[in-house]
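Asker: structure for this input, please:
(one chain, ligands or ions: 2)
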Amino acid sequence: MKRLSIEERLGTTVFDQFEEPHITVDNRLCVDCVEKPCLNTCPSRLYTLHEGVLTFQYEGCVECGTCRVVCHNGGNKAVRWTYPHGGLGVRYREG
Ligand code: SF4
Ligand code: SF4
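Answerer: Ligands and ions are numbered 1, 2, ... in the order given. Down below sits the predicted model:
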């Protein structure tokens with residue numbers, strides 16, 4: 001069996017986006033977050049800084065939960081994290 005690279009695996013992934021974000025970020029709390037671990041740990045790079053302001057987009061989230069863990073442990077607890085409703089969100093088609 002052919003071993004797929006991470007990029008090839010992610011290329012097989014399907015997203016059925018729910019209209020409401022399953023993750024929200026209160027970026028007022030991010031102002032005082034010195035380390036901002038979400039920036040370097042989200043595998044989909046959905047957390048970014050624009051002119052010093054933390055921004056987040058939920059489309060493309062692979063639901064790994066990393067941002068919740070790092071924000072609640074090393075950040076400022078700005079992330080509110082749930083799974084998307086009704087089986088929406090990411091669907092993996094390759095192990
Ligand atoms: S880790 Fe949490 S509090 Fe810190 S910048 Fe990221 S989302 Fe904001
Ligand atoms: S759950 Fe994972 S992929 Fe989704 S935003 Fe958080 S770190 Fe990024």
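
Asker: now do the lengthiest helix in the chain: distance to the chain's middle.
Answerer: If you go by DSSP state H, the chain has its longest helix at helix 66-73. With C-alpha atoms, centre = their mean, to the nearest Å as the basis, helix 66-73 stands 10 Å off its chain's centre.

Asker: hmm, it in reach of ligand 1?
Answerer: Yes - contact of helix 66-73 with ligand 1 (C-beta under 6 Å from any ligand atom) involves 70-71. (Glycine included, C-beta is placed from N, CA and C.)

Asker: right, is that helix up against ligand 2?
Answerer: Yes - judged by C-beta under 6 Å from any ligand atom, helix 66-73 and ligand 2 are in contact via 66-67.

Asker: pull out the buried positions in that helix.
Answerer: For helix 66-73, the neighbour count (16 or more other C-beta atoms under 10 Å) marks 66-71 as buried.

Asker: would you put the C-alpha positions of the helix or strand of the chain with the lowest mean pLDDT in CSV?
Answerer: When the helices and strands of the chain are scored by mean pLDDT, DSSP states H and E, helix 6-11 comes last with a mean of 74. Extracted as CSV, the C-alpha positions of helix 6-11 are listed here (Å, rounded to 0.1, in the frame of the first residue of the first chain):
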residue,chain,number,x,y,z
ILE,A,6,0.5,14.6,5.0
GLU,A,7,-0.3,16.9,2.1
GLU,A,8,-1.7,14.0,0.1
ARG,A,9,-3.8,12.9,3.0
LEU,A,10,-5.2,16.4,3.7
GLY,A,11,-6.0,16.6,-0.1
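
Asker: does that helix reach ligand 2?
Answerer: No - legend: contact between helix 6-11 and ligand 2 by C-beta under 6 Å from any ligand atom is lacking; minimum distance shown is 10.7 Å.
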